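**Student:** Compute the structure for the input listed below.
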Amino acid sequence: MNPVWWVLLFLAIAVGGALVLGRLLLGLWRKAGGLLEEADVLAVRAGELADLLAQVEVPALPVTAATHDGHGSEPSDDSGRPGTVESYDDRGATAPGKKEP
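**Tutor:** Numbering: from 1, shown residues only. You can find the predicted model right below:
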């Protein structure tokens, strides 16, 4: 085979590789542009969220005196609320599944 053919063959392979590389770089450029646009939209939305959160006013809670536990919380009486569990007294109580001595 003539050496000119080898040169033309490798030249064709190089041109084809350059075209494929150019196509890949163009696709990467477009995806990067789309990603940057989405980042801009995200920044705008974050700014809007920050503005909305700045408008929220939280009412101040009333200050209570510290109780016997020292944490400022008062024991609550849940006896009048539906769905609460009553305290269990095991002195002489008969519970389901409890065995008598």
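**Student:** Show me where the protein dips below the pLDDT cut-off.
**Tutor:** Residues of the chain that meet the criterion pLDDT under 70 lie in 64-101.
**Student:** how about the helices of it, start to end?
**Tutor:** For the chain, the helices defined by DSSP state H cover 3-55.
**Student:** ok, Val44 - how many residues close by?
**Tutor:** 10 (other C-beta atoms under 10 Å). C-beta coordinates here come from the backbone N, C-alpha and C atoms, glycine included.
**Student:** cool, and Gly16?
**Tutor:** Burial measure for Gly16: 10 neighbouring residues, criterion other C-beta under 10 Å.
**Student:** Against Trp5, how distant is it?
**Tutor:** Distance from Gly16 to Trp5, counting by C-beta to C-beta, to the nearest Å: 16 Å.
**Student:** repeat for Gly33
**Tutor:** According to C-beta to C-beta, Gly33 and Trp5 sit 42 Å apart.
**Student:** cool, Leu49 as well?
**Tutor:** Distance, Leu49 to Trp5, by C-beta to C-beta: 65 Å.
**Student:** Over to Gly17?
**Tutor:** Taking C-beta to C-beta as the measure, Gly17 falls 19 Å from Trp5.
**Student:** same check, this time on Ala54
**Tutor:** For Ala54, the distance to Trp5 - C-beta to C-beta - is 73 Å.
**Student:** for Leu24, same thing?
**Tutor:** Using C-beta to C-beta, we find Leu24 at a distance of 29 Å from Trp5.
**Student:** can you check Gly27 too?
**Tutor:** Distance, Gly27 to Trp5, by C-beta to C-beta: 33 Å.
**Student:** Next: Arg45.
**Tutor:** Arg45 sits at a distance of 60 Å from Trp5 (criterion: C-beta to C-beta).
**Student:** Same question for Leu11.
**Tutor:** 10 Å.
**Student:** All set, thanks.
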